[in-house]
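A.B. asks: Predicted coordinates and the sequence they were generated for:
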Amino acid sequence: MPDIVFRTEDITKVYDTGDVKVHALDGVDLQLYSGELTVLLGPSGSGKSTLLNILGGLDHATDGHVWFRQTELTDMTNRELTKYRRDHVGFVFQFYNLVPSLTARENVQLVTDVAHDPMSAAEALGLVGLDHRMDHFPSEMSGGEQQRVAIARAIAKRPDILLCDEPTGALDSSTGIQVLEVLQSINDRFGTTTVVITHNAEIRRMAHRVIYFRDGKISETQVNDHRLAPSEIKW
Amino acid sequence: MQAIDRKLLRDFKRLWVQALAIALVLACGVTILLTSLGMYQALTETRAAYYERNRFADVFAETRRAPISLMQEIADIDGVLTAEARVSGTAILDLPERPRTATGRILSLPEAHAPVLNIPLLRWGRLPDPNATDEVMVNEPFALANGFEYGDQFSANLNGQKRTLTVVGAALSPEFIYTIGPGALMPDNEYYGILWMSERTVAAAFDMTGAFNGVTLALATGSTEKDVIDRLDDILEPYGGLGAYGRDLHLSDSFIDAEISQLRGMAMVLPPIFFGISAFLVSMVMGRIIALERSEIGLLKAVGYSNTEVCLHYLMLAGLIAVLGICIGWAMGTWLARGMALQYAQFFDFPFVIFRLSYWVYAAAGLAALLTTTLGAMRSALAAAWLAPAIAMQPPTPPRFKRSWLDRMMTALRLSQPTIMILRSFFRWPGRSFLTCLGLSLAVASVIASLFVSDALDEIIETAFFQTNRQDAIVIFTDDLPETALTEVLALPGVLKAEPQQYHTAILRNGYLSKRVAIEARPPNTDLSRVMSADDVVISAPPGGILLSERLADQLDARPGDVIDAEFLTGRRETLALPVTGLVEQHFGLGAYVDLNYINAQFRQIPQMSVANISLDSARLPDLHLALKELPKLSGLVEMNENREAFQETIQQNVAVMNTVYITIAILITIGVAYNGARIQLSERARELASLRILGFGRGEVSYILVGETMFLTLLAQPLGWLIGAYIARLMTNAFSSDLYAIPLVLELDTFALASLIVLTVAFASAMVVRRRLDRLDLVSVMKTRE
Ligand SMILES: Nc1ncnc2c1ncn2[C@@H]1O[C@H](COP(=O)(O)OP(=O)(O)O)[C@@H](O)[C@H]1O
Ligand SMILES: [Mg+2]
C-alpha cells in the first residue's frame, strides 16, 4: 500500500452569492496515494475545480478536514497556505494562465525564482519538449505549446503533487493528447502524485484511479487494471 | 533579475504613454513645490543673512529736525540696542546724457565711526571722504544703469544749491533691496538713486548741522517693538516726528515680504492639487490593470507568491510612474527655480543669494509625490493582495446593469443606442465620472486663474491712470510750499495746468484699530488727479470729511458714516475727528483723502502744497526737464506715462510667463485625465465595441461612443471648472493683496470661453489619439480572448 498524500474528511464548500447558497461540495471523503495519477471525472459544475482548489491550498473549505500527509490544511493560515503551495504544489490550468509579458523561459522562472530546490527553467522546458521555443512570448505560441509551458512551470519546482484543472479543455484532441503524454511521462519519471480534472470521459483510461464526481459528491471510485497510453486514447 | 521584476518593466513599457501622462501631472506638482519651496527658502535665508550681516535696523523714524543731543535719550530707551541718527534729503539730479531729471535720495554717513546700522556694503571704490564735500557713493544698480565708474561726475540740486558730485564708490544696502522712488510703481534704476555723502556735507546742505532728521534703531531680543515705537514717538514729537515704524512698514522689506508670502501660498495651495489629480489617475489606471490581470494575480498566488509580494509588485508599478514624474519634476523644478532666481535678481538687489535648492527640498518634493502616488495605487494594490487566488482565476462576474428609471427615461427620449451606452457607463461609475469631471474642471480653473490677471491689470491701469491719475506728471517739492508757488509751476515750459495737493503723515484710528498712512489733501473738484468710488463716480471729500480707499476702510473696519480719528503727525499735530463720507476704489496703496482748504483752515496755515499735479504739452518736455534741473525746492518729477509703461512692461512680461505656465499645466492635466480615461474605456469596452463593429456599426458610430463619453465628461466639467476657476481667482486676489497693491477680481466672458476652448480641444485631441487604436482593434482576437 503506497503512502497517502491527501486525505479529506467530509469537506463541504458553500458559496454565498447573496440570493442563493450554492453547495459546491457536499461532503467529500477521499484519499489520494503517492505516485498515483488520478483522474477526477464529472460534468461541468459538479465541484471538481472547487475540490482541486481546496487540495491545492487556493481556497478554504467551509467545513470538514483536509490533510496533506501529516499536516492539516484546513487549520492553516493564508501565510502557511502560501508556503505550502510554494513548496509542494504545481498547478496546470485550463487556460494556461501564462503571463503574456514574459517569455516561456521567464514564465517558468516566475516559479523557480521562489521555489526551494527547483530545476532550471531550461531543463523544465526540455522535459516538455520546448527547448527550441524558450524565448518566445505566449502570444507567439500555439495553445498546446502554451499548455506545455504551463506544465513546465508547474514541474520546475519538483512538486510533490501536480494538480491539473481541465488541462486539455481548451485544446483540440491531438494537441490535448500531446499534453497528456507530457503529464504521464512526468508521473512515470518522477513519481509525482498527479490529479487531472476533466469532463472528458475518454481521458479516464490513462489513470491509475478514476473518481467520478456528481453534484458535489463522489459518486464512484474505480481502479484501472489496464491503463492506456495517451496516444491510444481518441475523442 | 527576477522574472516578476521583468514583468514589471515590460508592463511599464507597455503603459508608457499613460504613465507619462500621469507622470507629467505629478511632475507639475513636484516642480511647483520645488520652485516655490526653494525660492521661499532662498529668499528667506538670503534676507535673514543679509539683514544680520549688514545690521538692518528694526525701527525707523523720520522727523523734521531734532537736535543731536536727543540721541542719548533715544539710545536709553528700554530695549534699544543701537541707535543711529542721520540726515536725509532728496535732490534733483542732472545726469550726463540723460535728458530727463533724475531723483536722488541723499543719506548721510556718520563721520566719527563706520555706520553701525543699515551698513552699506561697498561693491567697488570707497566711502566718501568725511572732509570732501563733493564725493558721493551711489547704490550699485544706479551706478550700473548709468554706467558710472570711479571719478564720474554728475550734478545735483542740493536744496537749491547746484553741485557737481564725484562718484567714488558703489554700494548695496539692506534698506534698499527693493528700490522704488516716490510716486513710482516700479524700480527705475536709471532715474532714481541712493546717494551716500559725508555727514558734514549733507547736514550743511539741508541745514541740519548739529541736528538729524532720521533715526534707526536695532532692538534687543525680547524687547517689545511697539513699546519702543511709542516711546520714540513721544521723544520725537516736539521735533516734528512723523511716527516711528517697524520693518513691517518699511517699503523695501514689505515688498520682499509680499513675495515671500506669495511663495508660501503657492507652495501650500498648488502642489496638493496636482498630487491629488495624479493620485486619482494612478488609482484609475491601477484599478483597471488589476481588473485585467486578475488571472495573473491568481497565478502568482497559486505558485506561491505571498500577498505582500503581489501588493508590492503593483505598488512598484505605481512607484515607477512616481519615479518618472519625480525625475521630470526635479529637472523642471531646478530649471524653473533658476529662472525665477534670475527674475528676482532683476527686482531685488541682494549682494549675494543663498540659492541652493537644498537636498531636503528635493527629498520633500519627491517624498510627497511618491506618497501620493502610492496612496492612489494602494486601494488597487490591496485589492490585488486580498483577491482570493481561487476567485482570481475565474473571469470576473460582468457588472450588473439593472434596468432603472434612467433606462426608461433614456428609452423614452429615443436616444440612440451609442448615446445610451455613453450615459449608462456614466451612471454605472458615478465616482469615477465625478473625479474625471473634477480633474478636467481643475484644468479649466487653472486657465481661468491665470488669464483673469491680464484683465485685472487692464482694469488696474484703467482706474489708476485713465480714470483717476490723469495728470501727465507730478512735481514733488522738497518741502511744502505756499500755494502761490503754483504760478511759478504754471510758468514752467510746457505746463498747461497745475493743481496743488498736500501729503500729511497721520495715524488713523477707529476704536482699537489704527493705521499709519499718508493722507492726501486736495481742492474740491480737481480735474487732473481724481478719486472715484466703486461705481465709477468721481467723488471728493467735503470739508470736515474723509474718503478712504476700500482696503483701508476694511483694515480699519470703518464704513461710510463712521467717525474716525486722524492724528496728524505734521503741522500742528492735531487730532481731528473725521466722518467717513465715502469709499474709493483703488488698487495701489492705502489712500485717504481730505479737503485741502479744510486742512489749511484747521492747521491755521496759509494755503500750502507738497506736490503739484500738472498737465503738459509733451512737445516741450525736454525744455521742462532743462528748467527743472535748475529749480530749487524740487525733489522730483514723476512722469505718469513712464510710470505706466514701466508698470505695464514688467507686469506683462510676468503675466506672459504665468499664463504659459498655467496653460501648460492645464493642458497636461487635461491630457492626463482625458487620455487615461479614454484608454480605460477602450480597454473596458474593447469587446463591446468590437461586437458593435461585427454587428455592422460603422467606425464613426463606434468612435462616437469612445470620444463621446470623453467629451460628455469634459462638457460636464466646464461649469464646475468655471466655478472653481472663479473661486481660485478670488483666493488669488486675496493672496496677492497687500498694503502696497491689490488685484481686483475681473472675470470676463472671454476668459471662461478661452479656458473651456483649450480644455475641450485638448480633451478631444487626447480622445482622438486613443480612437486611433480602435482602427487597429483586431475584431477576431478581441472576441476570442477570455476576460
Ligand atoms: N466563486 C464562486 N461563487 C459562486 N459560486 C461558485 C463559485 N465558484 C464555483 N461556484 C459554483 O460552484 C459549483 C461548482 O463549481 P466548480 O467547482 O467550478 O465546478 P466544475 O469545476 O466541476 O465545473 C458551480 O455551481 C459553480 O457555479
Ligand atoms: Mg472546473
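C.D. replies: Received, thanks. Ligands and ions are numbered 1, 2, ... in the order given.
A.B. asks: The residue lying closest to A:Asn78 once chain neighbours are set aside: what's it in contact with?
C.D. replies: Nearest non-adjacent residue to A:Asn78, counting by Cβ to Cβ, 6 or more residues apart in numbering or on different chains: B:Asn307, 6.9 Å away. C-beta: built from backbone N, CA, C; applies to glycine. For B:Asn307, the contacting residues are A:78, A:82, B:301, B:385-386, taking Cβ atoms under 8 Å, 6 or more residues apart in numbering or on different chains as the criterion.
A.B. asks: residue contacts, residue 141?
C.D. replies: Picked chain A for this. Remark: with contacts taken as Cβ under 8 Å, 6+ apart, A:Met141 is in contact with A:104, A:133, A:149.
A.B. asks: that's the other chain; I wanted chain B
C.D. replies: In this structure, B:Pro141 makes contact with B:179, B:187, B:189, B:349, judged by Cβ under 8 Å, 6+ apart.
A.B. asks: Can you check the residues you listed and name whichever has the most neighbours?
C.D. replies: Using other Cβ atoms under 10 Å in any protein chain shown as the contact criterion, the top neighbour count among those goes to B:Thr179, which has 25 neighbours.
A.B. asks: in what helix or strand does that residue lie?
C.D. replies: Here B:Thr179 is covered by no helix or strand, with elements defined by DSSP states H and E.
A.B. asks: Ramachandran angles for residue 230?
C.D. replies: I went with chain A, as the question did not name one. phi -50, psi -30 (degrees, to the nearest 10).
A.B. asks: okay, the nearest residue to it once chain neighbours are set aside: pLDDT?
C.D. replies: If you skip the residues right next to it in sequence, A:Pro230 has A:Leu180 as its closest partner in space, 3.8 Å away by Cβ to Cβ, 6+ apart. Per-residue confidence at A:Leu180 stands at 92 (pLDDT).
A.B. asks: A:Leu180: neighbour count?
C.D. replies: By the other Cβ under 10 Å criterion, the neighbourhood of A:Leu180 contains 23 residues.
A.B. asks: and if you look at B:Arg522?
C.D. replies: Using other Cβ under 10 Å, the number of residues around B:Arg522 comes to 25.
A.B. asks: hang on, it packs against B:Pro500?
C.D. replies: Yes: with contact defined as Cβ atoms under 8 Å, B:Arg522 and B:Pro500 form a contacting pair (7.4 Å).
A.B. asks: Could you tell me which residues touch both of these two?
C.D. replies: For the pair B:Arg522 and B:Pro500, residues contacting each of them under the criterion Cβ under 8 Å, 6+ apart are B:Leu596.
A.B. asks: Which of the three states applies to the closest residue in space to B:Ala726 that isn't next to it in sequence?
C.D. replies: Taking Cβ to Cβ, 6+ apart, and ignoring the residues beside it in sequence, B:Ala726 has B:Leu747 as its nearest neighbour in space, at 5.8 Å. Three states are possible here, and by DSSP: H, G, I helix; E, B strand; the rest coil the one that applies to B:Leu747 is coil.
A.B. asks: Tell me which residues touch B:Leu747, please.
C.D. replies: By Cβ under 8 Å, 6+ apart, the neighbours of B:Leu747 are B:448, B:452, B:455, B:726, B:729.
A.B. asks: ok, back up a step: next, format the contacts of B:Pro141 as JSON lines and append distance to B:Leu165.
C.D. replies: Putting the contacts of B:Pro141 into JSON lines (distance: Cβ to Cβ, whole Å) gives the following:
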{"residue": "B:Thr179", "distance to B:Leu165": "19"}
{"residue": "B:Pro187", "distance to B:Leu165": "22"}
{"residue": "B:Asn189", "distance to B:Leu165": "17"}
{"residue": "B:Asp349", "distance to B:Leu165": "21"}
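A.B. asks: and the residue of the stretch 251-400 of chain B found nearest ligand 1, what helix or strand is that in?
C.D. replies: As assessed by Cβ to the nearest ligand atom, ligand 1 sits closest to B:Ile391 within the stretch 251-400 of chain B, at 5.5 Å. Element membership of B:Ile391, judged by DSSP H and E, is helix B:389-392.
A.B. asks: what secondary structure does B:Arg414 sit in?
C.D. replies: With three-state DSSP as the criterion, B:Arg414 reads coil.
A.B. asks: if we look at the strand or helix carrying B:Asp11, which residues are touching it?
C.D. replies: Under the criterion DSSP H and E, the helix or strand holding B:Asp11 is helix B:3-14. With Cβ under 8 Å, 6+ apart as the test, helix B:3-14 has contacts from A:99, A:101-102, A:106-107, A:109-110, A:113, B:19, B:289, B:300, B:305, B:309, B:313, B:316-317, B:320-321.
A.B. asks: quick one: average pLDDT of it?
C.D. replies: Taken as a whole, helix B:3-14 carries a mean pLDDT of 93.
A.B. asks: starting at the chain centroid, how far to it?
C.D. replies: Average the C-alpha atoms of helix B:3-14, do the same for its chain, and the two points are 44 Å apart (Cα atoms, centre = their mean, to the nearest Å).
A.B. asks: next one: stretch B:246-259
C.D. replies: Mean-position distance between stretch B:246-259 and its chain equals 14 Å (Cα atoms, centre = their mean).
A.B. asks: In CSV, please show the C-alpha coordinates belonging to it.
C.D. replies: Listed in CSV are the C-alpha atoms of stretch B:246-259, where the atom choice follows Å, rounded to 0.1, in the frame of the first residue of the first chain:
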residue,chain,number,x,y,z
GLY,B,246,8.9,98.8,12.3
ARG,B,247,10.1,96.6,9.5
ASP,B,248,6.6,95.7,8.5
LEU,B,249,6.0,99.2,7.1
HIS,B,250,9.5,99.5,5.6
LEU,B,251,9.0,99.8,1.9
SER,B,252,11.8,97.5,0.7
ASP,B,253,11.1,94.9,3.3
SER,B,254,7.4,94.8,2.7
PHE,B,255,7.9,94.1,-1.0
ILE,B,256,10.1,91.1,-0.2
ASP,B,257,7.6,90.1,2.5
ALA,B,258,4.8,90.2,-0.1
GLU,B,259,6.9,88.0,-2.4
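A.B. asks: for chain A, which spans come out with low pLDDT?
C.D. replies: Within chain A, the ranges that satisfy pLDDT under 70 run A:1.
A.B. asks: Spell out the secondary structure type for the residue nearest to the spatial centre of it.
C.D. replies: Centroid-nearest residue in chain A, with Cα atoms, centre = their mean: A:Leu163, separated by 1.6 Å. Classification of A:Leu163 into helix, strand or coil gives strand, according to three-state DSSP.
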